[in-house]
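Novice: predicted model and sequence follow; I will ask about them next.
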Amino acid sequence: MATLIKADNLTKTYRTGKVEVRALRGVSLEIGQGEFISIMGPSGSGKTTLMDILGCLSKPTSGSYDLNGQRTGHLDDNRLSEIRNEQIGFVFQTFNLLRRTTAQGNVELPMLYSGVGTQERKRRAKAALEAVGLKERAHHYPNELSGGEQQRVAIARALVNNPSIILADEPTGNLDSQSGEEIMTVFGKLHEQGTTIIVVTHDLGVAKCAGRIIQIKDGHIEREEVRREEVERKVSVPDKIIKKNPLRGSLVSGFTSGYKGFLSNKMRSFLTILGIVIGVAAVISMLGVGEGAKSQITSQIEKLGSNVLMVFPRRAESKEEALEWRGRSKGLIHEDAIAIKEKISAVNEVAPQIRTQERVRYLDEYWDTRLLGTSPSYQTIRNLEMNEGRFFDQEELDSWAKVCVIGKTVKEELFGNEYPVGKDIKVRDERFTVIGILKEKGRVGWEDFDDQILIPFTTAQKRFTGDDKLQTIFVQAKSSEATNTATRQVETLLTARHNKVVDFRVRSQEEFRQAIEQTANTFKLMLAGIAAISLIVGGIGIMNIMLVSVTERTREIGIRKAVGAKRRDVLVQFLIESVVLAFVGGFVGILLGFVSANTIGTLMIGAGQFGPRRLFAATEAQSVVTLGSILLAFFFAVGVGIFFGMYPANKASKLDPVEALRYE
């Protein structure tokens with residue numbers, strides 16, 4: 001008979017602090033292929049420790065152990081896991097079935113870690129259950145099975161990968177006498193088929209079913225009893241197992257246990273992912289609000305004309321510069337605007353502007369507003385449209401006419417529902433006739449384009465300012481491509497006109513838009529960063545619950561390692577479980593983020609309609625939830641799940657299988 005197991009002078013010493021416990025003291029034995037062995041002994045004799053070594057769950061302190069001619073002492077954890085998966089089947093006293101998995105799922109477990117394909121895995125599991133008489137109970141959970149049925153499921157699991165050895169630790173210890181006899185009958189049939197069976201037991205009746213009984217006492221073999229001579233049996237060659245990538249089994253197991261764990265502890269899972277849900281929703285809603293505000297501002301700026309340059313006066317930055325400028329330049333004046341229009345080929349339109357803050361009156365209604373003196377070309381440059389009436393023309397500009405065009409806000413504050421065109425209003429006791437009402441433009445930044453009155457700039461100069469100075473010159477380039485050229489030409493022209501005194505600045509509306517967008521982006525990212533703190537808190541919650549889960553499922557980890565799970569498999573499983581929590585939290589957070597973003601946008605619009613107009617008008621925009629913000633929040637949540645799940649998963653993967661199986 002071929003030697004299957006050879007142990008030579010095995011010792012095993014456990015250390016607890018400074019105390020040493022010698023569980024095995026020089027055990028040597030040989031077991032042939034196809035033998036039926038019983039190992040007996042009192043509690044603490046070392047028989048379970050011996051079984052752990054024979055099952056490659058533990059390594060001896062000294063001595064050698066050969067399995068199928070291979071020395072096992074120098075093998076790493078991964079190789080020992082492969083040996084347990086391919087050559088050894090375990091049957092435990094407490095059955096050690098996964099409680100959230102059906103009978104068939106428990107039987108499939110070893111094949112998950114050996115990389116067997118799905119269809120082959122299901123076929124072999126059903127065949128193994130049929131072999132132990134449980135074909136009809138394949139889809140029942142352990143708590144729906146009797147003790148004898150659970151033990152037969154454990155036997156089917158031990159057999160499913162066609163191992164060379166069945167190791168049974170007190171297989172009838174938790175069964176009634178009838179169920180115990182049924183289990184031993186199953187072992188007898190397996191023995192007749194050529195399977196090597198090693199049973200650790202206290203029960204002499206169970207031991208007598210074996211062909212050889214080994215008595216262990218105080219860590220060494222006391223005696224052996226050969227009850228019958230084993231005959232050479234022809235071991236049937238098992239069907240070839242079609243294997244695929246073993247990592248696939250880890251992934252399948254991880255996702256399965258992840259969603260089952262989520263469903264079996266709904267309240268705990270909900271509380272765990274609450275931080276992720278809030279964090280994702282907050283990130284999406286804050287980014288949505290920021291994106292909506294930026295989109296609204298950009299849209300408003302685009303409404304104010306295209307290819308626009310703005311020329312502003314610049315003050316001297318030092319006393320020396322002020323002295324150098326004295327007498328050399330008059331600042332921005334009307335002649336500068338005329339020169340830009342006449343001498344620069346890249347320019348389409350030019351409009352000077354004078355601006356003051358005035359109190360206006362109609363009958364008994366007063367309103368403080370912005371008064372702009374400009375030219376008819378201002379309407380074209382700023383893309384102004386009339387809601388009622390008309391804009392003033394060149395003739396009215398030349399004649400210093402006292403006419404005005406008012407914005408929507410001024411109309412509402414002074415006239416209410418009354419039609420204003422043709423009516424007179426007073427500005428500094430000067431009567432101006434309203435000839436038109438502008439269409440609504442809204443607010444851009446700090447400037448409300450509906451709260452203003454426009455008059456001819458010549459009228460503003462003669463009636464209010466009394467000089468030729470301008471606050472701004474608006475220049476419209478002929479195209480977007482000509483904007484840079486126009487900027488350089490305006491700077492060159494004005495520098496020459498002002499005797500090389502650069503007392504002006506030329507800014508494009510595009511620069512203004514980019515500056516506002518940059519500010520909005522910064523604000524948006526700041527809000528998202530604050531919201532992301534919730535995701536970090538949620539990740540800490542996931543780590544905490546996964547640590548609890550590792551403790552609660554220590555025995556499960558031992559079972560998985562006993563049937564062949566490698567460290568990588570356990571690591572991937574628990575990591576996936578934490579990612580499943582983050583994934584679910586991220587998905588729910590996305591839905592909540594949509595709702596909250598739209599709600600915040602609606603509230604902001606409501607505030608703009610009913611609150612102080614100057615405070616809220618800039619934010620009258622719906623939130624804009626982009627795909628980028630969704631992906632950012634979601635993948636950040638998944639990243640949090642991976643990061644905070646790594647420590648518990650790593651802790652689980654490093655558990656010793658023997659200690660895990662004995663954990664209560």
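Specialist: Thanks, I have the structure now. Numbering: from 1, shown residues only.
Novice: next up, the contacts around T369.
Specialist: Counting by Cβ atoms under 8 Å, 6 or more residues apart in numbering, T369 touches Q357, E358, V360, G407, T409, V410, D451, Q452, I453. C-beta: built from backbone N, CA, C; applies to glycine.
Novice: rerun at 6 Å
Specialist: V410, D451, I453 (Cβ atoms under 6 Å, 6 or more residues apart in numbering).
Novice: same check, this time on P60
Specialist: Neighbour list for P60: L10, K12, I53 [criterion: Cβ under 6 Å, 6+ apart].
Novice: at 8 Å what do you get?
Specialist: By Cβ under 8 Å, 6+ apart, the contact set of P60 is L10, T11, K12, L24, I53, G73.
Novice: quick one: which helix or strand includes V638?
Specialist: Using DSSP states H and E, V638 sits within helix 627-653.
Novice: report the buried residues of that helix.
Specialist: Within helix 627-653, the residues scored as buried using 16 or more other Cβ atoms under 10 Å are 629-630, 632-634, 636-638, 640-642, 644-646, 648-649, 651-653.
Novice: pLDDT of it, averaged?
Specialist: Helix 627-653 shows an average pLDDT of 86 in the prediction.
Novice: and the next element down the chain from it?
Specialist: The helix or strand immediately downstream of helix 627-653 is helix 657-661, counting by DSSP H and E.
Novice: for PyMOL, what selects the buried ones among the contacts of P60?
Specialist: Buried residues among those (16+ other Cβ under 10 Å), as a PyMOL selection:
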select buried, resi 10+11+12+24+53
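Novice: the contacts of P60 in helices, which ones?
Specialist: Judged by DSSP state H, the contacts of P60 include I53 as members of helices.
Novice: distance check, the residue of the chain positioned farthest from its centre against D176.
Specialist: Computed with Cα atoms, centre = their mean, the residue of the chain farthest from its C-alpha average is S399, at 67.2 Å. Distance, S399 to D176, using Cβ to Cβ, to the nearest Å: 116 Å.
Novice: what of E320?
Specialist: Distance from E320 to D176, by Cβ to Cβ: 107 Å.
Novice: of these two, who's got more company?
Specialist: When E320 and D176 are compared for neighbours, D176 comes out ahead with 12 against 9, by other Cβ atoms under 10 Å.
Novice: which residues are contacting the one helix or strand G205 maps to?
Specialist: Using DSSP H and E, G205 sits within helix 204-207. Identification of contacts with helix 204-207 by Cβ under 8 Å, 6+ apart yields S38, M40, P171, T172, G180, M184, V199, T201, I213.
Novice: apply 10 Å and report the result again.
Specialist: With contact meaning Cβ atoms under 10 Å, 6 or more residues apart in numbering, helix 204-207 is reached by 37-40, 168, 170-173, 177, 180-181, 183-184, 187, 199-201, 213-215, 225, 227.
Novice: list the buried residues in stretch 186-204.
Specialist: V186, F187, L190, H191, T195, T196, I197, I198, V199, V200, T201, D203.
Novice: now render those residues as CSV, adding distance to I155.
Specialist: As requested, those are exported to CSV (distance: Cβ to Cβ, whole Å):
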residue, distance to I155
V186, 6
F187, 8
L190, 8
H191, 13
T195, 11
T196, 14
I197, 11
I198, 14
V199, 12
V200, 15
T201, 15
D203, 17
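Novice: so which elements touch the helix or strand I183 falls within?
Specialist: Using DSSP H and E, I183 maps to helix 177-192. For helix 177-192, the elements it packs on are strand 36-40, strand 88-92, helix 118-131, helix 147-159, strand 165-169, strand 196-201, helix 204-207, judged by 3 or more Cβ pairs under 10 Å, 6 or more residues apart in numbering; DSSP states H and E.
Novice: same question for it, mean pLDDT?
Specialist: 87.
Novice: on that earlier part again, where among the helices and strands packed on helix 177-192 is average confidence lowest?
Specialist: Of all those, helix 204-207 has the smallest average pLDDT, which comes to a mean of 86.
Novice: may I see the buried residues of that one?
Specialist: By 16+ other Cβ under 10 Å, the buried positions in helix 204-207 come out as V206, A207.
Novice: run through who's touching the helix or strand following it.
Specialist: On the C-terminal side of helix 204-207, the closest following helix or strand by DSSP H and E is strand 212-217. Outside strand 212-217, the residues within contact range by Cβ under 10 Å, 6+ apart are 24, 27, 29, 31-32, 35-42, 44-50, 198-201, 204, 207, 221-230.
Novice: angle of strand 212-217 against strand 196-201?
Specialist: Relative orientation of strand 212-217 and strand 196-201, computed by axes from the mean of the first three to the mean of the last three Cα atoms, to 10 degrees: 40 degrees.
Novice: residues in contact with I53?
Specialist: By Cβ under 10 Å, 6+ apart, the residues touching I53 are 7, 10, 12, 23-24, 27, 46, 59-61, 63, 65, 72-73, 658.
Novice: one more: V475?
Specialist: If a contact means Cβ under 10 Å, 6+ apart, then V475 has 307-311, 337, 340-341, 344, 346-351, 381, 483, 486-487, 489-490, 506, 508 as its contacts.
Novice: do A401 as well
Specialist: F392, D393, E395, F432, T433, I435, I455, P456, T458, T459.
Novice: at 7 Å instead, please
Specialist: Counting by Cβ atoms under 7 Å, 6 or more residues apart in numbering, A401 touches F392, P456, T459.
Novice: among these, which are in helices?
Specialist: T459.
Novice: can you flag the buried ones in the contacts of A401?
Specialist: Using 16+ other Cβ under 10 Å as the threshold, F392, P456, T459 are the buried ones among the contacts of A401.
Novice: out of everything not next to it in sequence, what's closest to the first one?
Specialist: Using Cβ to Cβ, 6 or more residues apart in numbering and skipping residues adjacent in sequence, the residue nearest F392 is V403, 5.1 Å away.
Novice: ditto for the second one
Specialist: Leaving aside its sequence neighbours, P456 sits nearest to L397 (Cβ to Cβ, 6+ apart; 4.3 Å).
Novice: make sure the one you found is actually in contact with S377.
Specialist: No. Applying Cβ atoms under 7 Å as the test, L397 and S377 come out as separate, 9.8 Å apart.
Novice: mind listing what's buried along stretch 112-127?
Specialist: Those would be L112, Y113, S114, G115, V116, G117, E120, R121, K122, R124, A125, K126, for stretch 112-127 by 16+ other Cβ under 10 Å.
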